[in-house]
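[1] Based on what follows, work out the 3D shape:
(chains A, B, C, D, E and F)
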Number of protein chains: 4
Amino acid sequence: MSDKRQDIARAAIEAFAERGFHGTAVPDIARRAGVGAGTIYRYFKSKEALVNELYREAKSALVMAVTQGFPPPGSSPRQQFAELWRRLARYVVENPKTFKFMELLHHAPYLDRESLAVEQRFFEFGEQFFAYTSGQQLTKSLPPATLIVFVWAAFVGMIKAGHEGRIDLTEQTIETFESCCWEAIRA
Amino acid sequence: MSDKRQDIARAAIEAFAERGFHGTAVPDIARRAGVGAGTIYRYFKSKEALVNELYREAKSALVMAVTQGFPPPGSSPRQQFAELWRRLARYVVENPKTFKFMELLHHAPYLDRESLAVEQRFFEFGEQFFAYTSGQQLTKSLPPATLIVFVWAAFVGMIKAGHEGRIDLTEQTIETFESCCWEAIRA
Amino acid sequence: MSDKRQDIARAAIEAFAERGFHGTAVPDIARRAGVGAGTIYRYFKSKEALVNELYREAKSALVMAVTQGFPPPGSSPRQQFAELWRRLARYVVENPKTFKFMELLHHAPYLDRESLAVEQRFFEFGEQFFAYTSGQQLTKSLPPATLIVFVWAAFVGMIKAGHEGRIDLTEQTIETFESCCWEAIRA
Amino acid sequence: MSDKRQDIARAAIEAFAERGFHGTAVPDIARRAGVGAGTIYRYFKSKEALVNELYREAKSALVMAVTQGFPPPGSSPRQQFAELWRRLARYVVENPKTFKFMELLHHAPYLDRESLAVEQRFFEFGEQFFAYTSGQQLTKSLPPATLIVFVWAAFVGMIKAGHEGRIDLTEQTIETFESCCWEAIRA
DNA sequence: GATGAATGAGGATTCATTCAT
DNA sequence: AATGAATGAATCCTCATTCAT
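    Residues are numbered from 1 along each chain as shown, chains lettered A, B, ... in the order given. Sure, this is the predicted structure:
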C-alpha cells in the first residue's frame, strides 16, 4: 500500500536536488516515482505548486527537527548552541537530498510568498536565540541577523563541502566546525 | 566598435545569474546582448559550452583578482588573511552578477571537467595558504581543506545574505565577518 | 430515485451547448451530472457515442413535438404552417440548451450515419408538407427542398439571434417572423 | 517565394472550418501549411490569437467585398438589395472555407472583444440599409435589427444547405432565395 | 561575419478511458 | 452498480540550434 503523494514528493525532491527546477522534467519525476505523468497533477496543481509545497514541507520539517523540545531544560546557552548544531547536522545527514533541494531552491524566483514566509520564520528563530545570548554577553554584541547569517553560512558550507567530497562529514568534523563557529561569535 | 563576444558574455552572465542555466533562453541572451541569436553560435559551440567558458573565465578572474601580487611583501599572515578577504569582497562587490552566476552554477551537472579543474585550483590556492599558517601555528591544526571550506563558507554566506537584503554589505560588516572568521580559525 | 442516465444526458447537453464537443471534458459532464466519471461509461460506450445518442434523441424529440397530432383536423395549410412554426418555437423556447446543442453539433464530423439519418427524416417531413402546399399552388412552385431550407434557415436564424440578444424572442416577434416567412414562400 | 503567414492562415481557416477550434490541433495546421509547428508562433501569439486574427480578417474582407463602392450610383433600393445579396453570394462562393470558418466560430467563447466588434460593425451596416428602406416604406416597418436578422438567416441557411448538398448553389437558386427574401420583408 | 526566420524535439499539462475497490 | 484514482497519449507551446540571405 504505497502513498503516491509521498512517492512523488520523494522523487521530486531527489530530481530537483540533482538537476534544479528547470532542469527537471515532470515526466522524469513521474518515472522516478513510479506513477503516470498525469498522476502528479492529481496531487499538485502545477510544477510550481509542487516545488513550493515541497519546499515548505522540507523547511518546516527542518524547523521542527531543530526546535522540537528545545532548549533542553537546564542547559547553558553554549550547550544549546551545540545542541542546535547537532540537530541541524543530524537532520541534514539523515535527509541529504532534502537539504540539497532546499539549498538549490533557496530564494529562487518561483518560490511564492508563503514559501518565503516559512523561510523567514526559520531565520527568526535563530535571531531570537542570538538576541538572548548577546544580551547575556555570551556572544558578540552584533546584530542577531549578522550572527545567524554567519552561523548558517558556516553550517551550509560545511554540508555542501561534505556533499562535494571536499571534507568528510564525520561527527568529528561536524563538532570541529561547531566549535570554530562558536569561537567566531562568542563575546 | 563593440566586442560582440564581450557583449554576449556579459549578457549571458546576467541572465544566468538571474534565472539559472535552464531558466535562461539563448534568444534572451542574444536580445540582452544586442546581437542575433545565431551570432552566439559563432563564438560558442553550444549553450553548455557557453556556460562552461564563462564559468572558467569568471573563476579565473576571481583567482587573478585575489592572487595578483599576493602576498604583499612584508605583510604578516594575519594581514594577508585580511587582504585576501578584502580582495574577495572587492571583486564580488564590483562584480555582483558574476559572483551570483558562479555560485548558482557551482557544481552543476552541466559543468565539464575543465571547469571543475579551475574550481579546484581556486581551492588549492587557499589550502596552500592555510597549510602555511597552520605550519606556523597561527591557525588551528586542522586540515587546510577544512579551514578553506570554513572561510569560503562564511564569505559566500555573507555575500548571499547581502544580496538577499538580510544584512548590509558595508565595509564595516565585511570587516566584522573577516575578524569573526579569523577568530574561528586561529590557533 | 434519480435516473442517472437522465442526469448525464442533461448535463452533457448543457456542457456541449456551451463549449462544443471538443471543448467539453467528460469529467466536467460527470461533475455537472453529480455522478462519477466512470459512471458515464456504464451508459455510453464513449464520448462520441454519447454525443450521437443525445443528438438523435434531441432531434427525435423535436420531430415528435412538431409532428405529434399534426395536422390538426380541419386546419388549412396556412394554419398548418403557422402551427408548425408555433410548435417549433415552443419546443425551442422550452428547451433552449437542447436547441443550441443540436445547432452546434449540426453536421459535425463526429456525427455518425444513424444520427444523420434522423436529421434527414426531419427534413423529409418538411419536404412532404411543402410538396403538398406547392401542389395546391399555395406555395411557390419551387423544389420542396428549397422551401424547407428557406423556412428552416429563417427559424434557426431567428432563434440564434434571440439567444445572442440581437432580438427579443417574444410571441410577437415569433409571429412576425412566421408571417414574413409565409410571404416569402407563398405562391 | 511563399508567404508563410498566408500559408498558415489558409491552412488554419480550412482546418478550423472542417473540425472546429478545439477539434483542430496546431501541428495539423502546421502540416497543412507546410511549415514547422513552431513557425506558427512566430506569426501568432497563441492558438486563440490565431483564430481571432483570422476571424477579424475574414469578417473585414467580407464587409469590404460587400460595401466597397456600394451603393451603385442611381440604383433603386430594390436593386441595391439584390446587389448586396449577389455580392455576399459571390464572396461566399469564392471563399467557401472562409465562410464555413466564420459561421462555425460565430459567437464562440474564445472570440475576444475586438473580434466581436468587427462582427457588430457588419450587422450595423445592414441595419442602416434597412432603416433607410423602411423609412421609405419599401420594407416592412419592423425594427431594422429584425430585418437584418431575417435576411442574414436566410442567406446563411441557403449557403449552408448548399454546402451540405441539400440544394444546388446555382445562380438561379441564389436569385430565387433573394427574391423570396425580398418578398418576406417588403412593405 | 552577422542575422533572425525556421525548425522540431521536448516541455508542462489535460483528458478520455479503465479498473480496483 | 458506482466510483474516482490512475494512466499515458495527445495537446499547446518553447527554445536550442541551423542556415539561407
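[2] Quick check: can you list the domain ranges of chain A?
    As assigned by automatic domain parsing, chain A contains the domains A:1-44, A:54-185.
[3] Same list, those, but as a markdown table with mean pLDDT, distance to DNA strand F and mean neighbour count please.
    (C-beta placed from N, C-alpha, C; glycine too.) Supplementary listing: those in a markdown table, determined by pLDDT from 0 to 100; distance: least, Cβ to the nearest atom of the strand, whole Å; neighbours: other Cβ atoms under 10 Å in any protein chain shown:
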| stretch | mean pLDDT | distance to DNA strand F | mean neighbour count |
| --- | --- | --- | --- |
| domain A:1-44 | 94 | 2 | 17 |
| domain A:54-185 | 94 | 13 | 17 |
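[4] Which one, of these, ends up nearest to DNA strand E?
    Closest approach to DNA strand E among the domains of chain A is made by domain A:1-44 (3.1 Å; Cβ to the nearest atom of the strand).
[5] does that closest one come close to DNA strand E?
    Yes: counting by Cβ under 7 Å from any atom of the strand, contacts between domain A:1-44 and DNA strand E involve A:24, A:25, A:26, A:27, A:37, A:38, A:41.
[6] Please identify the helix or strand for the last one.
    If I follow you right, that is residue A:41. In this structure, residue A:41 sits in helix A:37-43 according to DSSP states H and E.
[7] ok, and what's touching that helix?
    Contact partners of helix A:37-43, identified using Cβ atoms under 8 Å, 6 or more residues apart in numbering or on different chains, comprise A:4, A:5, A:8, A:26, A:27, A:29, A:30, A:33, A:50.
[8] Of the residues you listed, which belong to helices?
    Assignment to helices by DSSP state H places the following of the contacts of helix A:37-43 there: A:4, A:5, A:8, A:26, A:27, A:29, A:30, A:33, A:50.
[9] List the residues that contact the fifth one.
    Read that as residue A:27. Going by Cβ under 8 Å, 6+ apart, the list of residues near residue A:27 reads residue A:37.
[10] Kindly report the same for the last one.
    Residues in contact with residue A:50, defined by Cβ under 8 Å, 6+ apart, are A:8, A:12, A:29, A:40, A:44.
[11] Now for those: which two are most distant?
    A:29 and A:44 (9.9 Å; Cβ to Cβ).
[12] My guess is residue A:29 contacts residue A:11. True?
    Yes: counting by Cβ atoms under 8 Å, residue A:11 is a contact partner of residue A:29 at 5.1 Å.
[13] Can you get me the start-to-end distance on stretch A:69-78?
    Its first and final residues considered, stretch A:69-78 spans 17 Å by Cα to Cα, to the nearest Å.
[14] wait, isn't residue A:23 in contact with residue B:105?
    No: contact status for residue A:23 versus residue B:105: not in contact, 11.7 Å apart, counting by Cβ under 8 Å.
[15] Residues that sit against both of those two, list them.
    What both residue A:23 and residue B:105 touch, as defined by Cβ under 8 Å, 6+ apart, is the set residue B:21.
[16] Which residues of chain A lie near DNA strand E?
    Contacts of chain A with DNA strand E, taken as Cβ under 7 Å from any atom of the strand, map to A:24, A:25, A:26, A:27, A:37, A:38, A:41, A:46, A:47, A:48.
[17] Quick check: chain neighbours aside, which residue is closest to residue A:65?
    Beyond its immediate neighbours in the sequence, the residue positioned closest to residue A:65 (Cβ to Cβ, 6 or more residues apart in numbering or on different chains) is residue A:91, lying 4.2 Å away.
[18] who does the helix or strand where that neighbour lies touch, helix- and strand-wise?
    In this assignment (DSSP H and E), residue A:91 forms part of helix A:77-94. Other helices and strands packing on helix A:77-94, by 3 or more Cβ pairs under 8 Å, 6 or more residues apart in numbering or on different chains; DSSP states H and E, are helix A:47-67, helix A:113-135, helix A:144-163, helix A:171-185.
[19] what angle do that helix and helix A:144-163 make?
    For helix A:77-94 against helix A:144-163, the angle by axes from the mean of the first three to the mean of the last three Cα atoms, to 10 degrees is 40 degrees.
[20] helix or strand right after helix A:77-94?
    Following helix A:77-94 in sequence order, the next helix or strand is helix A:96-105 (DSSP H and E).
[21] wait, does stretch A:100-120 contact chain B?
    Yes: applying Cβ under 8 Å from any Cβ of the partner chain, one finds stretch A:100-120 touching chain B at A:107, A:108, A:109.
[22] How far off centre is that stretch?
    10 Å (Cα atoms, centre = their mean, to the nearest Å).
[23] Convert that stretch to PDB, retaining C-alpha atoms only.
    The C-alpha atoms that make up stretch A:100-120 are tabulated as PDB, following Å, rounded to 0.1, in the frame of the first residue of the first chain:
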ATOM      1  CA  LYS A 100      20.300  19.900  -1.300                       C
ATOM      2  CA  PHE A 101      16.900  20.600  -2.600                       C
ATOM      3  CA  MET A 102      16.300  23.400  -0.100                       C
ATOM      4  CA  GLU A 103      19.600  25.000  -0.700                       C
ATOM      5  CA  LEU A 104      19.300  24.800  -4.500                       C
ATOM      6  CA  LEU A 105      15.800  26.300  -4.400                       C
ATOM      7  CA  HIS A 106      16.600  28.900  -1.800                       C
ATOM      8  CA  HIS A 107      15.500  32.300  -3.000                       C
ATOM      9  CA  ALA A 108      14.600  31.100  -6.400                       C
ATOM     10  CA  PRO A 109      12.100  33.200  -8.300                       C
ATOM     11  CA  TYR A 110       9.500  30.500  -8.500                       C
ATOM     12  CA  LEU A 111       9.100  30.400  -4.700                       C
ATOM     13  CA  ASP A 112       5.900  32.100  -3.700                       C
ATOM     14  CA  ARG A 113       5.200  34.400  -0.800                       C
ATOM     15  CA  GLU A 114       4.100  31.600   1.500                       C
ATOM     16  CA  SER A 115       7.300  29.600   1.000                       C
ATOM     17  CA  LEU A 116       9.400  32.600   1.700                       C
ATOM     18  CA  ALA A 117       7.500  33.200   4.900                       C
ATOM     19  CA  VAL A 118       8.400  29.700   6.100                       C
ATOM     20  CA  GLU A 119      12.000  30.500   5.300                       C
ATOM     21  CA  GLN A 120      11.700  33.800   7.200                       C
END
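[24] Contacts made by it with the rest, please.
    For stretch A:100-120, the surrounding residues in contact (Cβ under 8 Å, 6+ apart) are A:13-14, A:16-18, A:20-21, A:48, A:51-52, A:54-56, A:58-60, A:62-63, A:156, A:160, A:163, B:18-20, B:23, B:164.
[25] and what of stretch A:154-171?
    Taking Cβ under 8 Å, 6+ apart as the criterion, the residues outside stretch A:154-171 that touch it are A:85, A:88-89, A:92-93, A:96, A:99-100, A:103, A:173-174, A:177, A:180-181, A:184, B:107, B:123, B:143, B:145-146, B:149-150, B:152-154, B:156-157, B:184.
[26] Checking my notes, residue A:14 in a strand, right?
    No: using DSSP: H, G, I helix; E, B strand; the rest coil, the assignment for residue A:14 is helix, not a strand.
[27] show me what contacts the closest residue in space to residue A:9 that isn't next to it in sequence?
    Nearest non-adjacent residue to residue A:9, counting by Cβ to Cβ, 6+ apart: residue A:54, 5.8 Å away. For residue A:54, the contacting residues are A:9, A:12, A:13, A:16, A:101, taking Cβ under 8 Å, 6+ apart as the criterion.
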